[in-house]
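Visitor: when you get a sec, could you give me coordinates for this:
(chains A, B and C)
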Amino acid sequence: MSDNSYVDTSYSSASIDALRERIAQAVNDVRKQTPLAQSFTNFVTINLVANAQLAAGGTAAMSFLPDDIVDTAEIAGSNYINVGTLLPFYKEALPQIAYKLHKNGKTWVLDPVAAGIGKTRTAILESFRTYPPTIVRGNASEIIALDAMWGLAASDSAAPGTRPAGVEAVDEVDAAIEAARRMARHLAKHSPSGKGAVAVSGAVDLVTDGEHTFRLPGGSAMMTKITGAGCSLGGVTATYLAVAEPLVAAVSASLLYNRASEIAERESNGPGSFQVALLDALWNVTAEQVATSEIIED
Amino acid sequence: MSDNSYVDTSYSSASIDALRERIAQAVNDVRKQTPLAQSFTNFVTINLVANAQLAAGGTAAMSFLPDDIVDTAEIAGSNYINVGTLLPFYKEALPQIAYKLHKNGKTWVLDPVAAGIGKTRTAILESFRTYPPTIVRGNASEIIALDAMWGLAASDSAAPGTRPAGVEAVDEVDAAIEAARRMARHLAKHSPSGKGAVAVSGAVDLVTDGEHTFRLPGGSAMMTKITGAGCSLGGVTATYLAVAEPLVAAVSASLLYNRASEIAERESNGPGSFQVALLDALWNVTAEQVATSEIIED
Amino acid sequence: MSDNSYVDTSYSSASIDALRERIAQAVNDVRKQTPLAQSFTNFVTINLVANAQLAAGGTAAMSFLPDDIVDTAEIAGSNYINVGTLLPFYKEALPQIAYKLHKNGKTWVLDPVAAGIGKTRTAILESFRTYPPTIVRGNASEIIALDAMWGLAASDSAAPGTRPAGVEAVDEVDAAIEAARRMARHLAKHSPSGKGAVAVSGAVDLVTDGEHTFRLPGGSAMMTKITGAGCSLGGVTATYLAVAEPLVAAVSASLLYNRASEIAERESNGPGSFQVALLDALWNVTAEQVATSEIIED
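Guide: From the prediction side, this is the model:
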């Protein structure tokens, strides 16, 4: 693949120790620099997204109008788009916004919530193929659905025509590995920095930049008992993207969430207190706790 | 009333013990089956609705576009519509959605929040008369207002032209009994299963299927000091409707809320900690605690 | 300034003791009368606004449609408009709403969130010049931006053409004093009661009616680590405006928030538990604690 200009050679030595240093730096940089990440996100969990970005150390601005987005993107370090619960005007607004972010060289994270449900959502997600995000974060079925929408299997030279071994695999995340890798390569090809990443959330999270793939064990099953765990992880990934390159941002955010959710599970007595404890833990967990997490290269 | 095909004969023996068994089963079935209930609900409390459905053991999806609703209704066990805070496009979307749910034989719960305020809300609520929900849950004045909008007093043969004894009654719920009963009969007449129910929230909740009427004492006055207590009860009623018939679903959800709010009041120190404790208690209260609640047949 | 009919002579004796009595009365009156304040506010923090109004002792109704707003304003004691996160239809709805509130003699509080960002927000805020709110609450840069949009420096006879000493002042609030004072006079001129007020939130809050200016020290830095601290203070200001005149309402709400946030900071372990404790403290803080706060006349 020597002719692929998008190969991220910074990880050619595959040193996980070097990655850990960058993770610690990202966690600390967010807390020192309080970077602004702008979000266009669903109304169900918009409050938790903003509060999670603040608890991780960043600042938050939520916008839906193209003129607001463009103005705010000028002062934001990165952006986040989540297609969870759609309103009619999104169909026109979101393709415009993706185009303008691209044109202005802005980085953004996509959360393709419920990819495959509803023709409006499908039209929006398809439109992002040409001006794609810098990072995609979703669960396995969303990544597989988006990969199919974008037709990446057919056009990706590194893995032409391959399909996941089995969508019905016990570990769902495994079913999305190839889709995630070729999606990351597609993102990198269109990214301002030539770098992109895909994060697949599951029992064991998986993050890839198309070249290197990491598994991140841990976390809490209580994350599925509050609404917005995934959405807010997407928002915090954008917060980290304001200070770090895509792979480091995606890994750091997933690790932060895994450690924080483990602490929150221990300190809570149900989903109400779990969400409160999660926000506290995002605030209190140390950069060292995050950076010394188990990281398994695939 | 032997000629009324909508009469729920399963309660003809009026055995409250049999009802208790069904309540316990509903509570357990939700926790085992984690059924999906889809919601079209106001933005003020949409997060609490989703979190309450999760805390009760179900799963949640929130949608506003007709194409999303129809797709999601295919995989959902039931649906919830709440007209609390309206946006302009609801006026066209909601009548369409009610029609499609009806056409596809889907069950749904209506929360007629603020019935009587604003001509847009009135137009929407009036449109539901022809393709009505399976369950209506509201406070006494909302039930009375909706009954008047639908002109049910004039058309209901079981109680032609009767009016509530007094809207100014000390116990507001009493003022809505006749409206609730004839509304339940109207719902049953149009329901896929031939069954419907109306729940009137108040100091002592009241639930009726048009034949049998039950009073459910208890709960906490702190429920009026957080926003979304009623909305989230409506959402959880939809969660139960995914596994139980309308009367059982409405009674189970109201009892769950009464027991959970009593626990939350004891464990909290104000409305902030009350809401957190309420979600925890929805998660922790046992099926037995719910099913052995005081139930008074009217 | 003897020819200025808008001068609020009720404070000509400048007795802070008299002000304290009115503050205590406002806090108690809200808890006794549970007044309804209606809000048109952003979706990010709409839930916290409603919960804060309830925790302070009021009741809440959230509306976006002109017909809902007009109907609800008839039964509400005051209203709140927040331009934080805009949807397309706001551009038409908000100028209409401001006009109707004015025409019907209703009081309202404006939170000019992010004033200066996006041409839609600018068009909306400019339209409020003719039918202005009764109180404006914002941070220093929002007050300065709104003052510039309305061109108040040029038209205010009390301080013709003066500009804030320095926008880059260490204490941002100081930079907004002159803008706040002339804005308060502009509001008073158009207010049903002939009275208006401006509250500038910052490290030390500042409230003025254009004649008297008070600094309110204290509060918690954790307020910047949750989303909606300012929005919900705006909502609670509207709650107080339902029972008190503008200056007293604005001072009372700011003091309530300062005392409650100090308690919440002591009782919490991060931003999640801080928000919970803040709502509890809004509920539990006494009228005496609020009214005996430090108040410095400028």
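
Visitor: so the closest residue to chain C within the stretch 51-200 of chain A, which of the three states?
Guide: Residue of the stretch 51-200 of chain A nearest chain C, by Cβ to the nearest Cβ: A:Asp68 (3.9 Å). (Glycine included, C-beta is placed from N, CA and C.) Secondary structure for A:Asp68, judged by DSSP: H, G, I helix; E, B strand; the rest coil, is helix.

Visitor: which one is it nearest to, not counting chain neighbours?
Guide: Nearest residue to A:Asp68, sequence neighbours excluded (Cβ to Cβ, 6 or more residues apart in numbering or on different chains): C:Gly118, at 3.9 Å.

Visitor: what of A:Trp283?
Guide: With Cβ to Cβ, 6+ apart as the criterion, A:Trp283 has its nearest non-adjacent residue at 4.0 Å, and that residue is C:Gly270.

Visitor: gap between A:Ala73 and chain B?
Guide: Distance of A:Ala73 to chain B, computed by Cβ to the nearest Cβ, to the nearest Å: 24 Å.

Visitor: quick check: closest non-adjacent residue to that residue.
Guide: Sequence neighbours aside, A:Lys106 is the residue nearest to A:Ala73 in space, at 4.9 Å (criterion: Cβ to Cβ, 6+ apart).

Visitor: just checking, the one you found touches A:Ile81?
Guide: No. Using Cβ atoms under 8 Å as the test, A:Lys106 is too far from A:Ile81 to be in contact (11.2 Å).

Visitor: of the two, which one has the most company?
Guide: The neighbour count for A:Lys106 versus A:Ile81, taken as other Cβ atoms under 10 Å in any protein chain shown, is higher for A:Ile81 (24 against 20).

Visitor: can I take it that that one is in a strand?
Guide: Yes. Using three-state DSSP, the secondary structure at A:Ile81 is a strand.

Visitor: which element is the residue nearest the centre of chain A on?
Guide: Nearest residue to the geometric centre of chain A (Cα atoms, centre = their mean): A:Arg137, 3.4 Å. Remark: A:Arg137 resides in strand A:135-139, with elements defined by DSSP states H and E.

Visitor: paired strands for that strand, with orientation please.
Guide: Strand A:135-139 sits in its sheet next to strand A:108-111 (parallel), strand A:197-201 (parallel), going by DSSP bridges.

Visitor: after that strand, next one along is what?
Guide: Heading C-terminal from strand A:135-139 (DSSP H and E), you reach helix A:140-150.

Visitor: helix or strand right after that following helix?
Guide: Counting by DSSP H and E, the element after helix A:140-150 in chain order, helix or strand, is helix A:152-155.

Visitor: distance from the chain centre to that next one, please.
Guide: The chain centroid and the centroid of helix A:152-155 are separated by 22 Å under Cα atoms, centre = their mean, to the nearest Å.

Visitor: near chain B, anything from the next helix or strand after it?
Guide: Moving toward the C-terminus from helix A:152-155, the next helix or strand (DSSP H and E) is helix A:172-175. No. Remark: helix A:172-175 sits outside contact range of chain B, by Cβ under 8 Å from any Cβ of the partner chain, the gap being at least 15.9 Å.

Visitor: what is helix A:172-175 packed up against?
Guide: helix A:140-150 (3 or more Cβ pairs under 8 Å, 6 or more residues apart in numbering or on different chains; DSSP states H and E).

Visitor: and the angle from the helix it packs on to strand A:197-201?
Guide: Inter-element angle recorded for helix A:140-150 and strand A:197-201: 140 degrees (by axes from the mean of the first three to the mean of the last three Cα atoms, to 10 degrees).

Visitor: tell me which residues of helix A:140-150 come out buried.
Guide: A:140-147, A:149-150 (16 or more other Cβ atoms under 10 Å in any protein chain shown).

Visitor: keep only those that also lie close to chain C.
Guide: Among these, no residue sits close to chain C (Cβ under 8 Å from any Cβ).

Visitor: need the max-distance pair from those.
Guide: For those, the farthest-apart pair by Cβ to Cβ is A:Ala140 and A:Trp150; their separation is 16.0 Å.

Visitor: so what's the residue nearest to A:Asp68 up against?
Guide: Going by Cβ atoms under 8 Å, 6 or more residues apart in numbering or on different chains, C:Gly118 touches A:63, A:65, A:67-68, A:71-72, C:86.

Visitor: just those now: which is nearest C:Ala203?
Guide: Minimum distance to C:Ala203 across these is 24.6 Å, recorded for A:Thr72 (Cβ to Cβ).

Visitor: mind checking pLDDT for the closest residue to that closest one other than its chain neighbours?
Guide: Excluding the flanking residues, the one nearest A:Thr72 by Cβ to Cβ, 6+ apart is A:Gln38, at 4.8 Å. Per-residue pLDDT puts A:Gln38 at 98.
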